[in-house]
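Participant: can you look at this prediction? I've put the sequence above it.
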Amino acid sequence: MVLYLIKLKNEQKPTDHFSMILDAVEQVGGIYVVTADHGNAEDMVKRNKTGQPLLDKRGNTQILTSCTLQPSSYSIFRKSKFWPLASVPVAIGGPGLALGVWFRKDLPSGGLANVAATMINLHGFEALADYESSLMKLLITRKYKAT
């Protein structure tokens, strides 16, 4: 399940939506993964050396889409496991998560590229060799390979 928070009413908070999803995951005994690409919140415009916005051929401001220079913040979602070394926040939890699952500590530069292998592992499969490493210690009970 993927949730895009596009527009919230004034009285709503993103955490209200997460609570609804986490409740549903708990009711069905599932697993959730919460992650985000923390985009460039400091400045969304490319600038020259003097600080002036750069313009494209049409005279429009050039948009900056790189990641923020600020460290990621982490929030606690119920009984989640967190990966504190990630360049982006990642939380995994839910009643379907096997006991003894833990995040690897040997991936100091892990991030979004590692989420695909992690999701494959959570489904009980081994990621292909050309995938970036999983964020989790591989505790697979089924020995299937993703194709």
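Facilitator: Received, thanks. These figures come from a predicted structure and were not determined experimentally.

Participant: so residue 26, which of the three states?
Facilitator: Assigned state for residue 26: helix (three-state reduction, DSSP: H, G, I helix; E, B strand; the rest coil).

Participant: got a pLDDT number for it?
Facilitator: Residue 26 is assigned a pLDDT of 87 by the prediction.

Participant: identify the residues contacting it.
Facilitator: Applying Cβ atoms under 8 Å, 6 or more residues apart in numbering, we find residue 26 in contact with 94-95. In short, each C-beta sits where N, CA and C put it, glycine included.

Participant: could you measure it against residue 35, distance?
Facilitator: 19 Å (Cβ to Cβ, to the nearest Å).

Participant: got it, and residue 121?
Facilitator: 14 Å.

Participant: equivalent analysis for residue 49, please.
Facilitator: Per Cβ to Cβ, residue 49 is found 35 Å from residue 35.
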